[in-house]
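> Take a look and give me a structure for this.
(one chain, ligands or ions: 3)
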Amino acid sequence: MVHMRFAYNLLIINLLFVCLWFAYASVKSNAYYRKIFRCLMWAGVFMYANRMFEIGMQDGFISCNDILLNIERIIHYVLTVVIYELYAFFMFCLIDQFQYFPKWKKMLLFLPGTFMCLMIITSPITHLIFYVEDGICHEGILFWLMSFIRASYAIVATVHAIVKRHLMPRIFGQSVILVAFFAVIQGVVFWSSHDETLYYTTLIVNIITFLLALTVVEFYKDGLTGLLNREAFEQYAQKEIGRKGHKAVYLVKLKNYEYIKENCRETSLLTVIKNLGECIKEYATLPSVYYLGVGRYAVIVHKRDKFVEEDFFDKLRERFDITFDLNGIHIHLNLFIAVMNMDNGKITTDNFYKYFSACDDIKYRSKEPIEVVYSDSLGIDQLQRYRNVEEAIERALVEKEFRIFYQPIVSTENRKIISAEALIRLNDRVLGYISPEEFIPISESNGKIMEISEYVIDNVFRFVRDNPLKDMGIEFIELNLSVMQCMDKKLTEKLEYYTNKYAVDPKQINLEITETAAIFDEERLRRQLAKIKQLGFSFSLDDYGTGYSNLVRVLEYPVDVIKLDKSIVWSAFHDRDNFVTLRNLISMFHDVRRKIVAEGVESEEQMITLTELGCDYLQGYYYSKPVSEEEFLAFVARYNII
Ligand code: C2E
Ligand code: CA
Ligand code: CA
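Ligands and ions are numbered 1, 2, ... in the order given. Prediction:
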């Protein structure tokens, strides 16, 4: 009797303990494995309640009869099986994201447990697992099967966790071993004393051990996405990446991150980050998915993983080739994926980081929803060059080393220079001449483009103010706007500011934009352009014919001039079909009242043909390379007089 009351007290204390931990566990993360853990705890709580009921019957607080005892035993045995089943499910979800596995695999895991539960429920009739006689419960002939199934779940899950412990922070692996140790004690205690209270107490110790481990795991988890975080990634990379067995690392970047952050509500950004994380995790069906912050994810794939790269990309493509509505802002999400193949075994921890940050810095080139770059095509030398150019940009900004050159644009109507394109030049004292094609994309990815562009705008406006361009026949100067600039919220104000500062007529400035500017948010771009147009500026569409030009969409922008890229111009001189295409293109643009500039005119033949085809303006080395302000003015003075 005394013993019973003691057990009773102990139980209540334990129950409180469980509830306390339960409450604690519930507050945090919504990760799937957490939910299972909560189910596990609920099962524990029910088991305790049932146990108290049982003791109540034994101590005579509750009058006992065979039916009640049968019900109590069914609940008890079913819960013990469910707890082990959940434990295994929890482990698999935590380590392998089991929730995303095919249904049949999940069924396979739950089948033995479900089968056992059915046997337990029917046992009062079949007597296979247990039976009650005269107020006493006896073991049935298949009682061992229940113990066997429970033990199998426990062993399979624990061994799996130990084998795959490298995927988890070390503390978690240690806890799994600790729990296994307690479980063995639990078995021995129960086997020798048949004391269920002690049995439950060790169970509680196990649960708490897990909870503690989980709390530590939480340190390595990203709160928003439930994925492993940068901390975990770095720890893993430092320890493991050089070892054999790795196949590839995928760095997935949300290209629109900065844009959404700047322009949408914070909740929109969080939703996007979370959804993207879920999506990657789901398709990758791998444990090693990390969220590194600022819209960047990493997926580590091992040789033994069943992971098909093409499927992964296809599924992401499927999911992302739509427009998302972020609280009224319609956005096309774009991903950039850098793939680091490790098959060749050349990757060490050291150069992994170099590759990694190089991929992190790569400029975006494509408008496709998913852009993939392979690190094999990105050597360490290139990375060094990237860093050097970055330094040169910094130097040029500090020491005001950037120069603006002007390249004449000639009207085919009167053969006079009617305009000029402003092109930036950088002659670095260390690296020598650096093409804007190299440093503009770099400055776009590190944010320096804003400073550079202000410099360009300032210089061009000053140039327009200081010189009697109109009298010389120059109607407007063309100024390049990069993608980032087009998306800059303050672009309109900046242009207004410089217009006032230099008292320049906006009609004298034509802004060159590219279709890639529409990459993020077309709607917004259109609104921005409309506002700028109201100020009196005009637009040209640059680089028409490079890659991905959409005729219909071009007409939706307020551009007055289309600039045919030199590649499309040159190709017309090499191939009859291309020539016909170009001719039709020009006539089509004329039909919709757009003016046309042909770029890259290098020879007299090209000049004559393009004039015949009806191009309005021509630009190229045939007339002049881009030259300094003074040279340009002198050139115009000579050219336009003749
Ligand atoms: P883009 O806007 O397409 O500029 C035309 C490029 O073609 C210029 O190269 C020009 O020098 C070159 N080019 C002109 N005529 C000929 C020709 O007959 N033959 C050949 N082979 N090339 C010709 P550049 O100056 O190296 O500029 C490269 C790109 O850098 C530009 O392409 C533009 O996208 C970007 N860029 C240049 N200056 C600026 C700037 O101030 N701001 C921004 N955001 N981007 C700029
Ligand atoms: Ca241009
Ligand atoms: Ca161009």
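> any idea of the mean pLDDT for the host helix or strand of residue 116?
Using DSSP states H and E, residue 116 sits within helix 103-121. What helix 103-121 shows for mean pLDDT is 91.
> In the stretch 351-500 of the chain, mark out all the helices, start to finish.
Using DSSP state H, counting those that start in this stretch, the helices of the stretch 351-500 of the chain run over 380-398, 436-446, 449-466, 469-472, 483-487, 491-502.
> Who are the packing partners of the shortest one?
In this case it means helix 469-472. Helices and strands touching helix 469-472, by 3 or more CB pairs under 8 Å, 6 or more residues apart in numbering; DSSP states H and E, are helix 629-639. From N, CA and C alone the C-beta is placed, and that goes for glycine too.
> redo that, cut-off 10 Å
Applying 3 or more CB pairs under 10 Å, 6 or more residues apart in numbering; DSSP states H and E, one finds that helix 469-472 contacts strand 417-428, strand 476-480, helix 629-639.
> Please provide the alpha-carbon coordinates for the last one, formatted as PDB.
Okay, so that is helix 629-639. Output in PDB follows, covering the C-alpha atoms of helix 629-639 (Å, rounded to 0.1, in the frame of the first residue of the first chain):
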ATOM      1  CA  GLU A 629      34.700  64.700 -74.200                       C
ATOM      2  CA  GLU A 630      37.100  67.000 -75.900                       C
ATOM      3  CA  GLU A 631      37.800  64.600 -78.800                       C
ATOM      4  CA  PHE A 632      34.100  64.000 -79.200                       C
ATOM      5  CA  LEU A 633      33.300  67.800 -79.400                       C
ATOM      6  CA  ALA A 634      36.100  68.300 -81.900                       C
ATOM      7  CA  PHE A 635      34.900  65.300 -84.000                       C
ATOM      8  CA  VAL A 636      31.300  66.700 -84.100                       C
ATOM      9  CA  ALA A 637      32.500  70.100 -85.000                       C
ATOM     10  CA  ARG A 638      34.300  68.700 -88.000                       C
ATOM     11  CA  TYR A 639      31.800  66.100 -89.000                       C
END
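> Report the mean confidence score over it.
So the average pLDDT for helix 629-639 ends up being 94.
> cool, and the first one?
Per-residue confidence for strand 417-428 averages out to 96 on the pLDDT scale.
> partners of it in the sheet?
strand 402-411 (antiparallel), strand 432-434 (antiparallel), strand 476-480 (parallel) (DSSP bridges).
> quick one on the thing from earlier: which outside residues touch the helix holding residue 116?
Contacts of helix 103-121 with the rest of the structure, by CB atoms under 10 Å, 6 or more residues apart in numbering, involve 73-86, 88-89, 92, 98-102, 126, 128-130, 140, 142, 145-146, 148-150, 152-153, 156-157.
> Restricted to strands, list the residues you listed.
residue 130 (DSSP state E).
> Which of the contacts of helix 103-121 fall within helices?
73-86, 88-89, 92, 126, 145-146, 148-150, 152-153, 156-157 (DSSP state H).
> Could you list which of those also contact ligand 3?
For ligand 3, no contacts are drawn from these by CB under 5 Å from the ion.
> This structure against ligand 3: which residues are in contact?
Residues of the chain lying near ligand 3 (CB under 5 Å from the ion): 542-543.
> Contact residues of the chain facing ligand 2?
So the chain meets ligand 2 at 480, 512, 542 (CB under 5 Å from the ion).
> Any idea what the spatially closest residue to the first one that is not a sequence neighbour is bridged to?
Going back to what we said before, that points to residue 480. Nearest residue to residue 480 in three dimensions, chain neighbours excluded: residue 512, at 4.8 Å (CB to CB, 6 or more residues apart in numbering). For residue 512, the beta-bridge partners are residue 480, residue 540 (DSSP bridges).
> List the contacts of residue 512.
Per CB under 10 Å, 6+ apart, neighbours of residue 512: 421-422, 478-482, 539-543, 559, 561, 563, 597.
> and what of residue 277?
222, 224-227, 252, 289-291, 297.
> Show only the entries of those residues found in strands.
Among those, the members that lie in strands (by DSSP E) are 252, 289-291, 297.
> Can you flag the buried ones in the residues you listed?
252, 289-291, 297 (16 or more other CB atoms under 10 Å).
> List just the nearest of the residues you listed to residue 441.
Among these, residue 252 lies closest to residue 441 (CB to CB), at 20.1 Å.
> Could you give the bridge partners of the closest one?
residue 297, residue 337.
> Isn't it up against residue 281?
No - checked against CB atoms under 10 Å, the pair residue 252 and residue 281 is beyond contact range at 11.0 Å.
> intersection of neighbour lists for those two?
289, 291, 297, 299.
> For the residue of the chain most remote from its centre, grab phi and psi.
No residue in the chain sits farther from the centre than residue 134, which is 64.9 Å out by CA atoms, centre = their mean. Main-chain torsions, residue 134, degrees, to the nearest 10: phi 50, psi 50.
> residues contacting the residue nearest to it when sequence neighbours are not counted?
Leaving aside its chain neighbours, residue 134 sits nearest to residue 66 (7.8 Å; criterion: CB to CB, 6+ apart). Counting by CB under 10 Å, 6+ apart, residue 66 makes contact with 124, 131-137.
> And residue 439, by the same measure?
Contacts of residue 439 by CB under 10 Å, 6+ apart are 389-390, 392-393, 396, 402, 424, 426, 428, 431, 448-449, 452.
> could the residues you listed be laid out in a markdown table, adding neighbour count and distance to ligand 1?
Formatted as a markdown table, the contacts of residue 439 follow (neighbours: other CB atoms under 10 Å; distance: CB to the nearest ligand atom, whole Å):
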| residue | neighbour count | distance to ligand 1 |
| --- | --- | --- |
| 389 | 19 | 14 |
| 390 | 17 | 17 |
| 392 | 22 | 15 |
| 393 | 24 | 13 |
| 396 | 24 | 13 |
| 402 | 19 | 9 |
| 424 | 20 | 4 |
| 426 | 22 | 10 |
| 428 | 18 | 15 |
| 431 | 16 | 15 |
| 448 | 19 | 11 |
| 449 | 22 | 7 |
| 452 | 22 | 7 |
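> Tell me which two in the residues you listed are the farthest apart.
Largest separation among the contacts of residue 439 by CB to CB: 431 and 449, giving 18.7 Å.
> Ligand 1 contacts on the stretch 451-600 of the chain?
456, 480-482, 542-543, 566, 599-600 (CB under 6 Å from any ligand atom).
> one more time with 8 Å, if that's ok
452-453, 456, 479-482, 485, 512, 514, 542-543, 563, 565-566, 599-600 (CB under 8 Å from any ligand atom).
> Please report how far residue 613 lies from ligand 3.
Separation of residue 613 from ligand 3 (CB to the ion, to the nearest Å): 18 Å.
> hang on, residue 271 packs against residue 327?
Yes - applying CB under 10 Å, one finds residue 271 in contact with residue 327, separated by 9.3 Å.
> Quick check: neighbours shared by these two?
Overlap of the contact sets of residue 271 and residue 327 (by CB under 10 Å, 6+ apart) consists of 264-265.
> The two: which is more packed in?
residue 271 (17 against 9; other CB atoms under 10 Å).
> Now for the more buried one: which residues touch it?
224, 260, 264-265, 324, 326-327.
> same thing with residue 84?
40, 43, 112-113, 116, 149-157 are the contacts of residue 84 under CB under 10 Å, 6+ apart.
> Make TSV out of these and add neighbour count and distance to residue 163.
Rendered in TSV, the data for those read as follows (neighbours: other CB atoms under 10 Å; distance: CB to CB, whole Å):
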residue	neighbour count	distance to residue 163
40	21	22
43	20	26
112	19	21
113	22	22
116	25	25
149	20	21
150	20	21
151	13	18
152	14	16
153	23	16
154	20	15
155	14	12
156	15	11
157	25	11
